[in-house]
Each structure stands twice: as C-alpha cells, then as structure tokens.
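J.: One predicted model, sequence on top.
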Amino acid sequence: MDLSLAKINFCFPKKIHRLRSEQKLVGLIINEMEESGNIKYVGYSNKKKFQKDLESYVSRSNFIQYQPLSIKQKSFIKKNIHKTLKKCHQFLPHPDPPIFIFIYPWFPNTKKLSLFQGVTAFATYYTMHIFINPNNYSKQSLTETIAHEWNHLVFYRYHKEKSYNLRTYMAMEGMAEVFREEIVKGSRSPWTLALTEEETIRQFETLKSYLNKNGIGLYKKIFYGNKKYKQWTGYSIGYYFMKKFRNKHPKLSWKKIIQISSDKIIES
C-alpha cells in the first residue's frame, strides 16, 4: 500500500456511554479530532460550520445503532481505500499528496441506504469526508465513492477560484462521474439518470443565463432540486456534457482533462 497518498482517520468514538442524540455523537467525534490535532485538516474555516454539516449527515432516526468499528473492519476499509487511491493516482496524479480522509458513522433511512449503497461523501480542499454504514455498505460502493471524490480533490488543485459558477460545478461533477466509470467501473449512478437526454438538453437551455453565476445557493437548487428543478438536474447535465466531450477526445489523459476550462466542457 502506498501510504504516502493519504492519511486515514476513523472517527468512531469509543466513549459512547449514555449516547442519546446525534448531536452528542457528533460532539464526541469533534472532541476526539481536537484531542488528536486532526481538526485542523477538515477543510472548514471554523468548527461551527463543520459541526453543522456533520450533524446533517448523522441521521436522527437510527443513530442508536452506533457501535465502534472493530480492528478487522478498519483494516478492510483501509486496504480498499489505499488500493483505490493508488489506481486513481496512476491515471490522475494528485499534484501534492497526501490528502486527508476522515471516516464517520452514517445511519440513513432505508431509501438512502439503498440509493447510496451504504456510503456517501463530500470533499473539501485536501480532504475527503466519508460517511459509512458499517453493516450495510459494499466494497464497490466505497471504491466508487473514493474515485469520485479523488477527482474532485485534484480538480480543486487546478481550479482555485474562491467561488465556482454553475458551469464549473456542472463540469466538475460530470468529470468526477465519468472518471469514476472509467477507472473503477460500476453502473451509472442514479444522479446521472435523473433526466432523459431530451430533458437534459431542454433543461440546459433554460439555465444558460445562470451558467456564469456564482454561489453555493444556486448550486444546491440545481443539483439537489426544489419546486422548479428536478432533483439532481445539475448532475445529469454535467454528466451529459462530459460524456459528449469524452467521446470527442477518447485519448486525452485525465491529467490534461482535469485542467481544462469548464466552458470547454459545458458548451453554451
């Protein structure tokens, strides 16, 4: 294993006496991260924002299922992650590793558990935050998630804008999904299938005037959905254009692709 690519930390507290709420569990996680000095690597400007996001992921419904991971479980997860990172780095090198990976407990409802196959994640600057349900995740789902987030982390290194516009978010998500498919395989993700091709083209036409607008608020509306936009609209559009680009340039390396301007991917 190439341990130089990532520093992996399991955020599964052992001191769980009288665990009564997800806020208490998140508090224990953050306390342990502070004691170990790892809190400075989470990629957030302050602890409150980080805590708020953690609480949004630790589902209220099933947190009572929580148990610390066994040594065997940690070993299996770490081996899978390192193997995936090594493969991803081979095709898309990170310019300045190591990255930091934090793994947290996750207790989604049945629908989310099935949809994400027990694993979800997000990336911040140099860091992957991985949420995993220890009893209901698959090796493939973990591998696919790691590959997708790896692409994001390398993307961040080459696109250092303080705030991305909608076009860049679309290009970024499209790249991550197509990269994941090519490098670690797996079937198409549900979020790339939210719209038919006809719907994708039609919806994109209505969004052209927003492509150069910045802000996470706009991103959430287009990608996560609201009354006006179907859930995962942004993912489907980004995937459509990235596949189109990839078909035109099948021999282009991922090291070059990741550096391409978003307006070359999302054509308006």
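T.: The structure has been received and is ready for your questions. Numbering: from 1, shown residues only.

J.: for the nearest residue in space to Y219 that is not next to it in sequence, what are its contacts?
T.: Distances taken as C-beta to C-beta, 6 or more residues apart in numbering put Y169 closest to Y219, at 5.1 Å, once the chain neighbours are dropped. Backbone N, C-alpha and C define where each C-beta goes, glycine included. Counting by C-beta atoms under 8 Å, 6 or more residues apart in numbering, Y169 makes contact with 219, 222-223, 234, 238.

J.: State the pLDDT value of Y169.
T.: On pLDDT, Y169 comes in at 96.

J.: Would you map the helices across this protein?
T.: For the chain, helices defined by DSSP state H occupy the ranges 22-36, 47-57, 71-91, 110-116, 139-158, 166-184, 197-207, 216-224, 233-248, 254-257, 262-265.

J.: Kindly compare burial across those and name the winner.
T.: Ranked by mean neighbour count, these are led by helix 166-184 with a mean of 23 (mean count of other C-beta atoms under 10 Å).

J.: ok so, going back, from the contacts of Y169, which is closest to Y137?
T.: Minimum distance to Y137 across the contacts of Y169 is 23.3 Å, recorded for F223 (C-beta to C-beta).

J.: Test my guess that the closest one contacts E173.
T.: Yes. Contact criterion C-beta atoms under 8 Å: F223 and E173 qualify, at 7.3 Å.

J.: correct me, but K255 touches L92?
T.: Yes. Using C-beta under 8 Å, K255 is in contact with L92, at 6.2 Å.

J.: Show me how the record splits this protein into domains.
T.: Using automatic domain parsing, the domains assigned to the chain come out as 6-158, 166-265.

J.: which regions of the stretch 1-150 of the chain sit below the pLDDT cut-off?
T.: 1-3, 16-20, 59-63 (pLDDT under 70).

J.: As a markdown table, the helices of the chain with distance to K14 would be great.
T.: Below are these laid out as a markdown table (distance: least, C-beta to C-beta, whole Å):
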| stretch | distance to K14 |
| --- | --- |
| helix 22-36 | 9 |
| helix 47-57 | 18 |
| helix 71-91 | 12 |
| helix 110-116 | 24 |
| helix 139-158 | 22 |
| helix 166-184 | 32 |
| helix 197-207 | 47 |
| helix 216-224 | 34 |
| helix 233-248 | 37 |
| helix 254-257 | 40 |
| helix 262-265 | 44 |
